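Peer 1: The following comprises the amino acid sequence and a computationally predicted model.
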Amino acid sequence: NILVDPVTNNKQRFEEICSESPFIIMGFVDGVFKDQVKNVQKWVTPYADKVVNAIDGKGRYSHPRRWRTEKELKEQAIAKMMKVLNRN
């Protein structure tokens, strides 16, 4: 339990963080913590206008590390960040 992040395991805490944040960067390692990923993806729905992510060819939220090496993902992430920042 020491290694469990309360932000990704407690909906109320997650919503508090999302409400306070100007943007939310989301991306996951494929196949890791599948249940938590599903929950977080549901919980973020009300904050969709703040989400910065890049969807890969398989429809997955790509991990931000991939944004550095895969041009298409990098461009998606930049475009979404610009959209979020410009709305403020």
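Peer 2: Sure, I can see it.

Peer 1: what's near enough to touch the residue nearest the centre of the chain?
Peer 2: Centroid-nearest residue in the chain: residue 26, 1.3 Å away (criterion: CA atoms, centre = their mean). Applying CB atoms under 8 Å, 6 or more residues apart in numbering, one finds that residue 26 lies in contact with 40, 41, 44, 51, 52, 53, 61. (Each C-beta comes from the backbone N, C-alpha and C, glycine too.)

Peer 1: any idea how far it is from residue 10?
Peer 2: Note on residue 26: its distance to residue 10, by CB to CB, to the nearest Å, is 17 Å.

Peer 1: Tell me how many other residues surround the nearest residue to residue 40 once chain neighbours are set aside.
Peer 2: Among residues not flanking residue 40 along the chain, residue 8 sits closest, at 5.6 Å (CB to CB, 6 or more residues apart in numbering). Counted with other CB atoms under 10 Å, the neighbours of residue 8 add up to 16.
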